[in-house]
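S.K.: sequence first, then the predicted structure:
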Amino acid sequence: MIVLPKLEDLSDPTFDPFEMEKLSTGDCPDPYPRIHELMEQGSVVEGSYRDQFTEIRDVQTGDLAQVMVLGYDAVMHVLTHPEIFTNREAFLPSLGVSFGESISVMDAPDHTRYRRIFQKAFLPQVVAKWGETIVDPVVNALIDKFIDTGKADLVHQFTHHYPFQVIYAQIEMEPEQGPVFHKLAIAQLLSLIGAPQGQEATQKLGTFFGELLRIRRENPGTDLVSDLARAEVDGDYLPDEVLISFLRQLINAGGDTTFRGTSALLTALLTHPDQLDAVRADRSLISQAIDEALRWEVPPTSTFRYVIQDTEIDGVKIPKGTFINLVLASANRDPRKFSNPDKFDIFRERKHRHVAFASGPHLCIGQHLAKMEMTRALNQLFDRLPNLRLDPDMPPPQLIGHILRSPEHIWVKFDT
Ligand code: HEM
């Protein structure tokens, strides 16, 4: 029998990284009026996105000149010109410290080389295999826990668990280790605001995944770590350091985003009962409901790039050395591309692709997995919870946050 390694908790097990994360991501209920004001000033506006909403500084940018890129075309331009707008310099002091040599911290040629190997594990036909074997059982076990009560808080009893449990199952982690993994993964990001627990978490996850990888290399199975350890393109394999950094990033890149995206989707549908009824009655609408929810409330409102040669966007000169705040949330609500952009409307004309998964070389590698998980989650909720609706005795869901957005609660009722 294979004995899997044990993940060590933080030396202060009472430390709660989720509370600190909330401080950093903020409690702004609606950043969009400010985002629209900024967009009216132009596609490129001086300053930092975070500074629009909070006094809390991060350690990433120091004294660098910063601009916000806001319009859809301008955001697309930055995403698709990696030779000018780089990830390496943008993320090395932040994600590089938290995760190590992750693909988010790389530019070509390393990025191209390693990404094509990772990609093999996340192609649509590959992730499809996890639908029945992993996603459905995880989703159903969570629903089983509250189905008899006729009511639930879908954040605390559902969305805040299922994508993480999917990841635990993908790497065949023992379920009781899951909460420690989740906690350490969130704690890693606190390096960004200078908390010492950030580096402790990074180091402990590194030790754990290093050992897990060694075991999987010796005894390959059907889990994701074995798949990635075996993945190769033209005889090229992933180095341990790159693979371990990817696993460190998985909860944040894959779990947290899908948790928030599903919460936004449920919030949107439940607060628009006509559209909820339409999707419930015709499940072929689920795909466009997911796309519209991700456009309307992109879970990570912004990302970053760094300018390595003097350039210009929309007539605005941007010197080499500028730190770019790439505001996906404003691109997704650019009125020049999406009419009545603040409205959630699954039937809107879809002339332009949203940028919730970004674009260009760093386009989200997990987008097919995320959409598959969200589709299965919604189908199971509809199938098993008849007449799912907001609980009229409780406050309606309210998305909060200016960097990462999601609601605290989604209180619902259903027939039993
Ligand atoms: C609704 C869910 C998700 C959203 C909204 C989302 C969003 C994004 C965005 C915006 C980026 C690009 C960031 C940038 O270029 O700066 C990205 C990249 C990435 N995502 Fe996702 N993501 C989601 C789910 C997932 C899942 C399930 C995985 C699991 C594998 C994943 C793994 C990654 C990785 C590894 C990258 C880096 C790709 C690269 O740099 O080449 N994501 N994601």
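M.R.: Cool, the structure landed. Numbers count the residues shown, from 1 in each chain.

S.K.: how about the residues of this protein near the ligand?
M.R.: Where the chain comes near the ligand, counting by C-beta under 6 Å from any ligand atom, the residues are 103-104, 115, 122, 253-254, 257-258, 261, 294, 299-300, 303, 356-358, 362, 364-366, 369-370. In this view, the C-beta of every residue, glycine as well, is placed from N, C-alpha and C.

S.K.: mind checking pLDDT for Leu212?
M.R.: The score at Leu212 is 96. That number is its pLDDT.

S.K.: ok but it is inside a strand, no?
M.R.: No - counting by DSSP: H, G, I helix; E, B strand; the rest coil, Leu212 is located in no strand; its state is helix.

S.K.: wait, isn't it in contact with Val3?
M.R.: No - the criterion here is C-beta atoms under 8 Å, and Leu212 misses it with Val3 at 11.1 Å.

S.K.: the two: which has the busier surroundings?
M.R.: Taking neighbours as other C-beta atoms under 10 Å, Leu212 and Val3 compare with Leu212 leading, 22 against 6.

S.K.: phi, psi for Val307 please.
M.R.: In terms of degrees, to the nearest 10, the main-chain angles of Val307 are phi -90, psi 120.

S.K.: list the contacts for it?
M.R.: Going by C-beta atoms under 8 Å, 6 or more residues apart in numbering, Val307 touches Ile84, Phe85, Thr86, Ile318, Pro319, Lys320, Gly321, Thr322, Phe323, Ile324.

S.K.: could you rerun that using 10 Å?
M.R.: Counting by C-beta atoms under 10 Å, 6 or more residues apart in numbering, Val307 makes contact with 64-65, 67, 78, 84-86, 89-90, 313, 318-324.

S.K.: cool, Val225 as well?
M.R.: Contact analysis of Val225 by C-beta under 10 Å, 6+ apart lists 170-173, 209, 212-213, 215-217, 243-244, 246-247.

S.K.: go on, Ser104?
M.R.: Going by C-beta under 10 Å, 6+ apart, Ser104 touches 87-88, 90-91, 94-96, 111, 245-246, 249, 252-253, 303, 362, 365.

S.K.: now Glu227: which helix or strand?
M.R.: Quick fix: residue 227 is Asp, not Glu. Using DSSP states H and E, Asp227 sits within helix 224-230.

S.K.: for the closest residue to the ligand within the chain, report the pLDDT, please.
M.R.: Proximity of the chain to the ligand (C-beta to the nearest ligand atom) peaks at Gly366, 2.0 Å away. At Gly366, the pLDDT value in this model is 98.

S.K.: that one: what's it in contact with?
M.R.: For Gly366, the contacting residues are 118, 121-122, 127, 250, 253-255, 257-258, 357, 372-373, by C-beta under 10 Å, 6+ apart.

S.K.: please narrow the contacts of Val307 to those residing in strands.
M.R.: Residues of these located in strands (DSSP state E): Val67, Phe85, Thr86, Ile313, Ile318, Phe323, Ile324.

S.K.: a strand runs through Pro335, doesn't it?
M.R.: No - judged by three-state DSSP, Pro335 forms no part of a strand; its state is coil.

S.K.: could you find the closest non-adjacent residue to it?
M.R.: Leaving out its chain neighbours, the residue that sits closest to Pro335 by C-beta to C-beta, 6 or more residues apart in numbering is Pro341, at 5.2 Å.

S.K.: re the thing from before, buried subset of the contacts of Val307?
M.R.: Neighbour counting by 16 or more other C-beta atoms under 10 Å classes Val67, Val78, Ile84, Phe85, Thr86, Glu89, Ala90, Ile313, Ile318, Thr322, Phe323, Ile324 among the contacts of Val307 as buried.

S.K.: widest-spaced pair of the residues you listed?
M.R.: The distance between the two most remote of the buried ones among the contacts of Val307 (C-beta to C-beta) is 17.9 Å, for Glu89 and Ile313.

S.K.: the strands in the stretch 101-250 of the chain, which residues?
M.R.: Taking DSSP state E, counting those that start in this stretch as the test, the strands found in the stretch 101-250 of the chain are 151-153, 232-233, 236-237.

S.K.: secondary structure class for the residue most central in space within the chain?
M.R.: The centre of the chain sits closest to Thr257, judged by C-alpha atoms, centre = their mean, with a distance of 2.4 Å. The three-state label given to Thr257 by three-state DSSP is helix.

S.K.: what sits against the nearest residue to Val44 once chain neighbours are set aside?
M.R.: Take Val44 and drop its neighbours on the chain: the residue closest to it by C-beta to C-beta, 6+ apart is Val316, 4.2 Å away. By C-beta under 10 Å, 6+ apart, the contact set of Val316 is Gly42, Ser43, Val44, Val45, Glu46, Val67, Val69, Ala74.

S.K.: could you dump the strands of the stretch 101-250 of the chain to JSON lines with distance to Leu23 and mean pLDDT?
M.R.: Output for the strands of the stretch 101-250 of the chain, formatted as JSON lines (distance: least, C-beta to C-beta, whole Å; pLDDT from 0 to 100):
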{"stretch": "strand 151-153", "distance to Leu23": "22", "mean pLDDT": "98"}
{"stretch": "strand 232-233", "distance to Leu23": "42", "mean pLDDT": "92"}
{"stretch": "strand 236-237", "distance to Leu23": "40", "mean pLDDT": "93"}
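
S.K.: how close does the residue nearest to Val44 get to Phe164?
M.R.: According to C-beta to C-beta, to the nearest Å, Val316 and Phe164 sit 41 Å apart.

S.K.: next one: Val67
M.R.: Separation of Val67 from Phe164 (C-beta to C-beta): 35 Å.

S.K.: drop anything exposed from the contacts of Val225.
M.R.: Listed as buried from those are 170-173, 209, 212-213, 215-216, 243-244, 246-247; burial here means 16+ other C-beta under 10 Å.
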